[in-house]
Every structure is written in C-alpha cells, then in structure tokens.
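> requesting a structural model of the entry that follows:
(2 chains)
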Amino acid sequence: MGLFGKVSLASILQRIFGKKHAKIGIYGPPNVGKTTLANRILRDWTGDIMGSVSEVPHETRRAKWKKNVKVENGSSSLLMDIVDTPGVATKVDYKEFMNTWGLTKDEAKRRAKEATEGVIESIKWLEDIDGVLLVMDSTQDPFTQVNVTILGNLEARNLPVLIAANKIDMEESSPATLKSAFPQHPVIPISALTGYNSDNLYTTMVNHFSKKRKKKRR
Amino acid sequence: MAKKEKEISFNLVSRHKLDELTSSEKLQFILKEVKKGKILVLERGLTPFEQANLIENTMKEIEEDTFIGVEMEGLGEDKPSFFQKLFGHSRKPRVTLIGPANLLKTIRKDNDMIQTKIIPGRGAN
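Here you go, the predicted structure:
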C-alpha cells in the first residue's frame, strides 16, 4: 500500500483543485429528451427516476431536482444535485396542443399556461447552478435561438456546459453537425432512451463539472 | 374588387437608437412593437442576458388568442480581438431579427445567414 493508502492521487488532486459537489441543470428546448436523460442518469446511479416523459411538448412544466447523485469515474467522483428544467421556448401556442396532439381546449390552455411559467422558472434557475448539461436533438438544426441564448448566458457567466447530442439511435441523427456548430464545448453523442454511450457521458460529466472555475455574477 | 391584403410592418432599428436605451427600455420597446405585429431588424442585437430577459418577458405577455410569443434569430456575436479584450471591450451582439411568432418563421440559420418566411395567418391569429 502506498503513502496515501487506498486514496488515489487523482482523488487527492480533485479535492485540492476541483469541485466535489455541483448543482447541474439539464437544459434545452422542449422535446429534446431532457427528462429521459435525467431518468437515465438517476436510474444508473440511484435506481430512481426524475419524472414522466411524453411526446407532447412541455411535459415537464416545473423544475424537478434530485440531490446528492454520486456519479463515479474510476477513482474520482462528483456529487451532483441534478435539476431537470422545463423546456425553454420563445413561443407557446395552445392551439398546437389541440391540433397536433389532440388535447381538449381546456387541457391545451392549461398546458400552455403552465408551459409559460415553466420557461420563466428555467431561466431563473440559470442564476443558481454550477454547470449545465445542454440537451440537443441531433436530428434537428442546432442553431436555434434557445440553444444560442442558453449557451450565451452560460459563457457570459463562465459556467461549464456539456452538450448531450441526444437521439443518436434515430437514423437521421447527425451529432457531427452539433460538434461543428459548437466547437468550443464538449459534445457527447448519446441515446438517453437506449443508454448508448452513457458511460462516456458520465466520464465527461465528472471531469468537466469538477473543474474549478471562477463563477461570474451578472 | 380585390380584397386588400393586410400590411406587415418591417422596421430597421439603428444601433444609435438602441444604444440610447437601457436594457429594460430596449426590451419594453421590442415587445411593444412585436405585439403590434411588427417585425424588427436590430442593427445591434441583444446580449445573452437581454435575450433571456426577453424570453422571460415574452412568456409573461402571452395571450391565448392574440400573442403566442416571438420568433427571434440573431447572428453570432463578434469576437473581440486580443487588444480589444485587453482594453475591456466586451463581445458585441450582431444583427438580430425579431417578430411575432404567428407571422415569422425561421427556415434556416447558420453563422452567416438567417433565412425566414413571413406567413400571415399562422398560429393563433
């Protein structure tokens, strides 16, 4: 047994130079798989789930969080409070819930109202997090205003962001497009649904979110 | 007699005009104009914080049958040079297009071009 017993050099360095506990927000537009990913992470590390998922946009309309989720990467680990945020959008039309998703008028109006409140809550959470897992749909154009606004806010605050290029189980997915669109941030192709490449995501999360940074305030 | 088409206002807003306004005044001005059905092109766009505040304010203003939100697209920020950074120049947002979501639809966007369509009658109205 070495000088430090069972404690590895990596974990000692992490204690000195890096974070041990971080509040991580899962962000993104509606319907990119944020809650599916949150459920995947929780199922893998706690055996629990975060919330229900649906094809209808804005299924998550209130932020949900799970404290003290320990994600391990070999000898190092990171304790995270995972916050699953409602989808951020610049528009909410109750008629879309009726016409596309078959909701009744009352259900659609209630969902739209709650969705607008959810967007506001997501934006407010940006003030209170240490890092973001930004979920993008790798089958869609990544240059959306929501993605650009979230990334711009995180960069201005000097907060670490990790892009999860989700839905790579789908034939039309193109994680390479996301990588070339945002070369300044790590992009991990995953399928939150099947769990494909989640080990790579966890490794990157521990390494990336453990880094010590000076958080800028507005 | 042919039915007269509804007119759509398209306003270019100068950098000078925007610089005269505080962030809060700028957002009030934009949202007021967009709620009237106008499409704005801002010569200097919004900072990321202003964009987030605009989304937040938009959500508070949504009305079921008259205003479903905004469509907003901006070209990426200019990156300051090494010397500009040294003298404290911050990143400057570039041109931004903002309009009512029931009217304006983004077709495609990349770092150098924004393609949109104006579709009267789309969405809630």
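
> immediately after the helix or strand containing B:V41, which helix or strand?
Using DSSP states H and E, B:V41 sits in strand B:39-42. Sequence order places helix B:48-61 as the next helix or strand after strand B:39-42, per DSSP H and E.

> what's in contact with that following helix?
Applying CB atoms under 8 Å, 6 or more residues apart in numbering or on different chains, the external contacts of helix B:48-61 come out as A:88-92, A:116-117, A:119-120, A:123-124, A:126, A:145-146, A:148-149, A:151-153, A:155-156, A:218, B:23, B:26-27, B:30-31, B:35, B:46, B:67, B:69-70, B:72, B:74, B:98. In this view, the C-beta of every residue, glycine as well, is placed from N, C-alpha and C.

> what's the PyMOL line that selects buried ones from those?
To isolate the buried members of the contacts of helix B:48-61 in PyMOL, using 16 or more other CB atoms under 10 Å in any protein chain shown:
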select buried, (chain A and resi 88+89+90+91+92+116+119+120+123+126+145+146+148+149+151+152+153+155+156) or (chain B and resi 26+27+30+31+46+67+69+70+72+74+98)
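
> for the most centrally placed residue in chain A, which residues are in contact?
Nearest to the geometric centre of chain A sits A:I26, at 2.5 Å (CA atoms, centre = their mean). With contact set as CB under 8 Å, 6+ apart, A:I26 has these partners: A:34, A:37-38, A:82-85, A:132-133, A:135.

> looking at these, which has the most residues close by?
A:K34 (31 neighbours; other CB atoms under 10 Å in any protein chain shown).

> A:N166 against A:P29, yeah?
No: at 11.2 Å, A:N166 does not count as touching A:P29 under the criterion of CB atoms under 8 Å.

> of those two, which one has the most company?
Neighbours were counted for A:N166 and for A:P29 using other CB under 10 Å; A:N166 has more, 27 against 21.

> partners of the more buried one in the sheet?
Per DSSP bridges, the residues bridged to A:N166 are A:D137.

> gap between it and A:G74?
Taking CB to CB, to the nearest Å as the measure, A:N166 and A:G74 are separated by 25 Å.

> what's the answer for A:V32, then?
Relative to A:G74, A:V32 is positioned 29 Å away (CB to CB).
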